[in-house]
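Asks: Can you look at this prediction? I've put the sequence above it.
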Amino acid sequence: MAEIERYSRFAQFPFADFSELKEKRILIVGVGGLGAVSAEILTRCGVGRIVLMDYDTLEEANLNRLIYDTSQVGMKKVDALKAHLRKANPEVSGVGHPFDITDGKGYDLFVEEVGKSDAVLGCVDTFQVRLFMNSQCVKAGKPLIDGGASTDGVNGSVHVVIPGKTPCFRCNRPVLGETAPAEIQRPESTRDTTGVCHFTSLPTTMGIISSLQCQEALKLLLSFGHTAPYLMYYGLEGVLERYDWERDPDCPVCGDITYEE
Amino acid sequence: MVDFLKREDDLFYFLQCATIASPRDADWFQRVKEEKYALSRFSEYLRFLEGGEWFELRPTSDGATRWVGSVRDSGLEFEMELVLKDAYPTMPPAVRVPKLMDYTDRKLDDGVLGLRICDMHMEQNYWWDEYCGIALYLKREVSYWVQSVLHDMRKEGWLK
């Protein structure tokens, strides 16, 4: 298929030149419900090089979400996804690292890839790994676009960390998203009382959050629109809130970082 | 931030470490010394105020990145494994209590341990920073995890 035809629906986009994506490199950490969808969107948009990191193996329980197919159960997620992306857009170069980014070889690769990437998409389900990704991205001066969904599966958030410019993951915590708009009565988290750590995961919410992540990534990569530092999606009410919260000048991670254009 | 946690009358300050170093850094062994010191202070505190400590932990490797020991509650004792990954102390330790992992949903996948306990307070209260160490993690997360899992097991009738 001719390249010009594949991307013809981007040609009239009035705010940016999508052909610039060919020169961009994106690192996606975690390729489950969020990361796999984000990878597909960015692949179809024509991002030149997409690097995937996830140590996990595909299980049947993952199949309620998007992208993966039943025959791929048992494969490393990064391998299964790479095969899918190659079919979706063979012009995009995909690399997969099936390692834990917080230790050993995965740690080395992650630090190296952050340095080479234009942006990092955080699509993990654990708080600890978010802390680490945030710290490394701030240190390397690379944007982190972190997505997450609530334990009940219906709400989600996207946090865009531009080191030195927008609040990092450490600034102003506990999470601002815990304070819903006044008209919304959110139920108390049930996490401490039920102890459920294997959360509900809805393909609808995952699709919405990963799309928002990609939208913010495209805005950053192609320099159009206004980056939203924090977006909170309330699925039960159908509300999307933007929070322009402030950086914490005393933040131990990003407090002394200055943004450079 | 989480000032209310830092004001509480607990061990928060004197169980912290002073050196920020990961297992890959030159200062790591200074950090390990501080970790061991904090653990001994925690034990001392528990012996003095509660009549005995509920945990035992010792490093198994030269680099002190892997620790083993046990955790006690209600007259029961369970083996415990603890791993400090290369990303430590930016991220907290990973802990596994093998005999309890099958009886709970309070667990998460882990790249090194396979499964680890879920740090329930961490995400809600955001209390961890690079000065926090193993001793505080035991106090704030492991202790709570074991107590709540045993509570659930009794409720289900799995444990008398």
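Replies: Received the coordinates, thanks.

Asks: hey, where'd the helices end up in chain B?
Replies: Along chain B, the stretches classed as helices by DSSP state H are B:3-7, B:28-50, B:120-125, B:134-137, B:143-156.

Asks: Burial check on residue 139, number of neighbours?
Replies: I'll assume chain A. By other C-beta atoms under 10 Å in any protein chain shown, 16 other residues sit near A:Lys139. The C-beta positions use only the backbone N, C-alpha and C, and glycine is treated the same way.

Asks: Chain B, not that one
Replies: Number of residues near B:Lys139 (other C-beta under 10 Å) recorded here: 20.

Asks: ok, it to B:Glu130 distance?
Replies: Here B:Lys139 is placed at a distance of 17 Å from B:Glu130 (C-beta to C-beta, to the nearest Å).

Asks: likewise B:Val95?
Replies: From B:Val95 across to B:Glu130, the span is 18 Å (C-beta to C-beta).

Asks: Mind checking which of those two has more residues around it?
Replies: More crowded of B:Val95 and B:Glu130, by other C-beta under 10 Å: B:Val95, with 24 against 20.

Asks: nearest to chain A, of the helices of chain B?
Replies: Of all the helices of chain B, helix B:120-125 sits nearest to chain A, with 4.2 Å by C-beta to the nearest C-beta.

Asks: just checking, what packs against that closest one?
Replies: In terms of contacts (3 or more C-beta pairs under 8 Å, 6 or more residues apart in numbering or on different chains; DSSP states H and E), helix B:120-125 is packed against helix A:127-140, helix A:191-194, helix B:143-156.

Asks: model confidence over that helix, on average?
Replies: Mean per-residue pLDDT for helix B:120-125: 72.

Asks: again, but for stretch A:30-39
Replies: In this model, stretch A:30-39 has an average pLDDT of 95.

Asks: How about stretch B:87-102?
Replies: Per-region confidence: stretch B:87-102 scores 94 on mean pLDDT.

Asks: Quick check: end-to-end length of that stretch?
Replies: Stretch B:87-102 has its terminal residues 27 Å apart, counting by C-alpha to C-alpha, to the nearest Å.

Asks: what's the first-to-last distance across stretch B:86-102?
Replies: Across stretch B:86-102, the terminal residues are separated by 27 Å (C-alpha to C-alpha).

Asks: quick one: that stretch near chain A?
Replies: Yes: using C-beta under 8 Å from any C-beta of the partner chain, stretch B:86-102 reaches chain A at B:86-87, B:90-92, B:94.

Asks: ok, of those residues, which one's closest to A:His84?
Replies: Closest approach between these and A:His84, by C-beta to C-beta: B:Ala87, at 29.0 Å.

Asks: and the gap between that closest one and A:Asp108?
Replies: Going from B:Ala87 to A:Asp108 by C-beta to C-beta gives 11 Å.

Asks: and what of B:Glu123?
Replies: 27 Å.

Asks: okay, the two: which has more neighbours?
Replies: Each of B:Glu123 and A:Asp108 has its neighbours counted (other C-beta under 10 Å); B:Glu123 has more, 20 against 14.

Asks: Close to chain A: what parts of chain B are there?
Replies: Going by C-beta under 8 Å from any C-beta, the residues of chain B near chain A are B:1-2, B:83, B:85-87, B:90-92, B:94, B:104-112, B:118-126, B:128-130, B:148-149, B:152.

Asks: So among the residues you listed, which ones count as buried?
Replies: Among the residues of chain B next to chain A, the ones that count as buried by 16 or more other C-beta atoms under 10 Å in any protein chain shown are B:1, B:83, B:85-87, B:90-92, B:94, B:104, B:106-112, B:118-124, B:126, B:128-130, B:148-149, B:152.

Asks: Quick one: distance of stretch A:119-127 to the chain centre.
Replies: Taking C-alpha atoms, centre = their mean, to the nearest Å, the mean C-alpha location of stretch A:119-127 is offset from the chain mean by 5 Å.

Asks: And that stretch, end to end?
Replies: Length of stretch A:119-127, first residue to last, C-alpha to C-alpha: 20 Å.

Asks: and it with chain B, contact?
Replies: Yes: Stretch A:119-127 reaches chain B (C-beta under 8 Å from any C-beta) through A:125-127.
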